[in-house]
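What would the 3D arrangement of this be:
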Amino acid sequence: MAPIRPTELHQRRFRLTREPTAAAEARSQVRAVIRAWKVPVDPDIAVLLTSDLVTSVIMHGNGETVMLVIRCPRGLPLAFQLDLPGSCTSRKRHQPVKR
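So this is what the prediction gives:
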């Protein structure tokens, strides 16, 4: 039986301020991550999903900042998570992007 190898996990965290420029900053970060990690996804779709999530949180969320977490475990889809540190219970939204 072959030994189990740990899954390689790429992960980046970005703190975004709840301002109109946050969605543009998030889009820029997602494009950079996709290029750096060579993730085989449609970057336009990933950027659109990110922009939609960040805009929604900015318009309807609480707190001054939002933490954008981008993960990509080897062999699994790219995933986004938004943490809202200002709320009593940090809300998380996951949005996988198919390869």
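
Give me the distance from stretch 43-60 to the chain's centre.
Chain-centre distance of stretch 43-60: 9 Å, with Cα atoms, centre = their mean, to the nearest Å.

do stretch 58-77 as well
4 Å.

Repeat that for stretch 37-49.
For stretch 37-49, the distance to the chain centre is 11 Å (Cα atoms, centre = their mean).

distance between the ends of that stretch?
Counting by Cα to Cα, to the nearest Å, you get 18 Å between the two ends of stretch 37-49.

Please identify the buried residues of it?
Under the neighbour-count criterion of 16 or more other Cβ atoms under 10 Å, stretch 37-49 has 39, 41, 46-47, 49 buried. C-beta coordinates here come from the backbone N, C-alpha and C atoms, glycine included.

Just the ones of these in helices?
Judged by DSSP state H, the buried residues of stretch 37-49 include 46-47, 49 as members of helices.

returning to what we had before: from the buried residues of stretch 37-49, pick the one nearest residue 55.
Using Cβ to Cβ, residue 49 comes nearest to residue 55 of the buried residues of stretch 37-49, at 10.9 Å.

burial count for residue 54?
For residue 54, the count of nearby residues is 25 (other Cβ atoms under 10 Å).

let me fix that: residue 55
14.

which residue packs closest to it, ignoring adjacent ones?
Leaving aside its chain neighbours, residue 55 sits nearest to residue 23 (5.0 Å; criterion: Cβ to Cβ, 6 or more residues apart in numbering).

The one you found and residue 78, how far apart?
To residue 78, residue 23 is 18 Å away according to Cβ to Cβ, to the nearest Å.

Name the residue in those two with the higher neighbour count.
A direct count of neighbours by other Cβ under 10 Å for residue 23 and residue 78 places residue 78 higher, at 23 against 20.
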